[in-house]
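**Q** 3D model of this:
(one chain, ligands or ions: 2)
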Amino acid sequence: MPHHTVFEAKIEHLQILDEDGKLDKKLAKNTLSNDQVIHLYEQMRICRELDEIAFKLQRSGRMGTYPQNKGQEANAVGSALAMVKGNDWVVPSYRENAALFMHGMPMHYVLQYWMGDERGSKFPEDVNITPLSVPIGTHMLHATGIAWAMKQRKEADRAVITYFGDGATSEGDFHNAMNFASVMQVPTIFYCQNNSWAISLPREQQMNSATVAQKAIAYDMPTIQVDGNDIFAVYKATQDARTRAIEGGGPSFIEGVTYRLADHTTADDARRYRDQAEVDAWVEKDPLIRTRKYMESIDIWNDTKQEELESRAKTIVKEVLDAAISVTTPTSAEFFNDMYADLPRDLQIQRDTMRTTSIGRNPSQIGLKAQAVETH
Ligand SMILES: Cc1ncc(C[n+]2csc(CCOP(=O)(O)OP(=O)(O)O)c2C)c(N)n1
Ligand SMILES: [Mg+2]
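**A** Ligands and ions are numbered 1, 2, ... in the order given. Here you go, the predicted structure:
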């Protein structure tokens with residue numbers, strides 16, 4: 001048979017809790033307990049409070065920029081719960097705050113980081129999280145590398161999860177990380193938060209595949225698309241992927257279909273490129289709303305509990321804010337401190353003079369020609 005099919009593939013989509021807060025009991029079996037649902041809901045609510053405060057910090061000139069998580073929180077909390085805190089590693093991008101907090105990152109670090117303080121990336125020793133990665137896609141390689149180290153060391157009960165956006169899957173680094181993870185069969189879980197936008201670029205203009213999940217098929221990786229605003233589906237997919245990883249089944253891919261309800265960052269105005277109708281439709285699918293509806297439908301939540309949570313969230317975030325703004329102001333020399341154990345000579349000069357070495361070489365770059373000529 002010279003002409004025959006050598007490979008066929010399909011992508012499954014998983015939703016367990018729908019937009020109206022209705023649970024598929026059969027699919028929900030062996031997933032989240034009621035206490036866990038409440039816990040995840042609380043984490044999402046507290047995180048959203050932090051989002052609001054960070055936004056205000058930026059608008060009042062106390063923070064450079066900030067990427068809101070609003071609308072995407074279920075991806076972070078559902079997957080973070082399926083990973084083992086202090087044992088597994090979390091390799092983040094910048095839109096999964098709740099996962100970081102659940103894995104032990106002190107909350108004020110995230111504010112400190114976005115306020116431009118390098119110390120916001122120096123997590124306590126026992127926290128298995130790498131620094132936030134704003135360069136798109138570069139950190140996925142680290143996730144593959146950490147998992148490869150685990151495999152080399154025969155640490156069979158450990159896995160790594162890395163988060164990234166749909167836009168990141170159009171980057172070369174993504175494919176390098178996926179290929180290597182697959183060839184070496186390392187325990188990495190690739191979690192894509194597909195929010196349909198890479199800043200102002202809609203998904204269909206940056207990739208021509210019907211799903212993001214199908215990209216993993218090229219690497220022969222188990223892959224699934226889930227409703228990313230459904231904590232049950234996110235949790236189940238991540239738990240399955242982790243079980244596979246620690247049983248030697250290699251890497252997995254999860255596409256969480258979600259939406260950012262806020263701007264890309266505080267430096268962006270999404271009204272310039274997306275329709276309000278699209279945003280409104282996604283407000284209806286908000287993970288907080290549907291989780292609350294579900295909890296109320298089974299009588300484990302009510303208005304009193306909601307009020308109590310809202311006031312607790314305010315108190316927690318107020319403390320986080322106080323911690324973030326009360327740290328001593330970093331000196332400008334500090335941003336040279338973290339990259340090298342021994343600072344190269346060039347950078348030592350930059351630190352001591354607060355001038356780049358390129359000024360000496362090409363003064364016209366910053367309009368210092370006259371001054372430079374005088375010194376020659
Ligand atoms: C290597 C690199 N290229 C470009 C940018 C500029 N940039 C910042 S965020 C972003 C879009 C990322 O979109 P996506 O991966 O979907 O993540 P999202 O922000 O939607 O969560 C781009 C292009 C960057 N930070 N790093
Ligand atoms: Mg995106």
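**Q** can we go C-alpha only for contacts and neighbour counts from here?
**A** Fine.
**Q** Buried by neighbour count: which residues of the lengthiest helix in the chain qualify?
**A** The helix spanning the most residues in the chain, taking DSSP state H as the definition, is helix 34-59. Neighbour counts over helix 34-59 (16 or more other CA atoms under 10 Å) mark 37-38, 40-51, 53-55, 57-58 as buried.
**Q** Near ligand 1, which residues of the stretch 151-300 of the chain? Just list them.
**A** Within the stretch 151-300 of the chain, the positions adjacent to ligand 1 are 164-168, 195, 197-199, 264 by CA under 6 Å from any ligand atom.
**Q** check contacts around P131.
**A** Neighbour list for P131: 91-92, 121-123 [criterion: CA atoms under 8 Å, 6 or more residues apart in numbering].
**Q** the domain parsing of the protein - what is it?
**A** Here the domain assignment for the chain is 13-325, 332-375, based on automatic domain parsing.
**Q** Now do the phi/psi pair for the residue nearest the centre of the chain.
**A** In the chain, the C-alpha closest to the average C-alpha coordinate belongs to E96, at a distance of 3.4 Å (CA atoms, centre = their mean). Backbone geometry at E96, expressed as degrees, to the nearest 10, gives phi -140, psi 50.
**Q** secondary structure class for the residue lying closest to it once chain neighbours are set aside?
**A** Take E96 and drop its neighbours on the chain: the residue closest to it by CA to CA, 6 or more residues apart in numbering is A76, 5.2 Å away. On the three-state scheme (DSSP: H, G, I helix; E, B strand; the rest coil), A76 is labelled helix.
**Q** Quick check: closest non-adjacent residue to Y94.
**A** Excluding its sequence neighbours, the residue lying closest to Y94 (CA to CA, 6+ apart) is L132, at 5.6 Å.
**Q** Give me the buried positions along stretch 110-117.
**A** Using 16+ other CA under 10 Å as the burial criterion, the residues of stretch 110-117 that qualify are 110-115, 117.
**Q** ditto for stretch 233-248
**A** By neighbour count on 16+ other CA under 10 Å, the buried set for stretch 233-248 is 233-239, 241-246.
**Q** sorry, back to before: elements contacting the longest helix of the chain?
**A** helix 73-82, helix 97-102, helix 287-297, helix 303-325 (3 or more CA pairs under 8 Å, 6 or more residues apart in numbering; DSSP states H and E).
**Q** How about residues contacting stretch 105-112?
**A** Contacting residues not belonging to stretch 105-112 are listed as 54, 97, 101, 118-121, 123-124, 127, 129, 320-321, 323-325 [CA under 8 Å, 6+ apart].
**Q** Return it as PDB; C-alpha atoms alone will do.
**A** Taking C-alpha atoms only, stretch 105-112 is exported to PDB below (Å, rounded to 0.1, in the frame of the first residue of the first chain):
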ATOM      1  CA  MET A 105       5.900  33.100  47.100                       C
ATOM      2  CA  PRO A 106       5.300  36.000  49.600                       C
ATOM      3  CA  MET A 107       2.600  38.200  47.900                       C
ATOM      4  CA  HIS A 108       4.400  41.500  48.300                       C
ATOM      5  CA  TYR A 109       7.200  40.200  46.100                       C
ATOM      6  CA  VAL A 110       5.000  40.500  43.000                       C
ATOM      7  CA  LEU A 111       4.400  44.200  43.800                       C
ATOM      8  CA  GLN A 112       8.000  44.800  44.500                       C
END
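**Q** Check the average confidence over the longest helix of the chain, would you?
**A** Mean pLDDT, computed over helix 34-59, is 97.
**Q** angle of it against helix 287-297?
**A** Comparing the axes of helix 34-59 and helix 287-297 via axes from the mean of the first three to the mean of the last three CA atoms, to 10 degrees yields an angle of 150 degrees.
**Q** centre of the chain versus helix 34-59, how much separation?
**A** Distance, stretch centre to chain centre, for helix 34-59: 15 Å (CA atoms, centre = their mean, to the nearest Å).
**Q** could you flag which of the residues of the stretch 151-300 of the chain next to ligand 1 are buried?
**A** Buried positions within those, assessed by neighbour count (16+ other CA under 10 Å), are 164-168, 195, 197-198, 264.
**Q** Look up how far I53 lies from T169.
**A** Using CA to CA, to the nearest Å, T169 is found at 30 Å from I53.
**Q** Now H175: which helix or strand?
**A** When elements are assigned from DSSP states H and E, H175 belongs to helix 172-184.
**Q** Just want the angle from the following helix or strand past that helix to helix 172-184.
**A** Counting by DSSP H and E, the element after helix 172-184 in chain order, helix or strand, is strand 188-194. Orientation of strand 188-194 against helix 172-184 (the same axes, to 10 degrees) gives an angle of 150 degrees.
**Q** Which elements pack onto strand 188-194?
**A** Helices and strands touching strand 188-194, by 3+ CA pairs under 8 Å, 6+ apart, are helix 138-152, strand 160-165, helix 231-246, strand 252-257.
**Q** Torsion angles phi and psi at P131?
**A** With angles defined as degrees, to the nearest 10, P131 sits at phi -60, psi 150.
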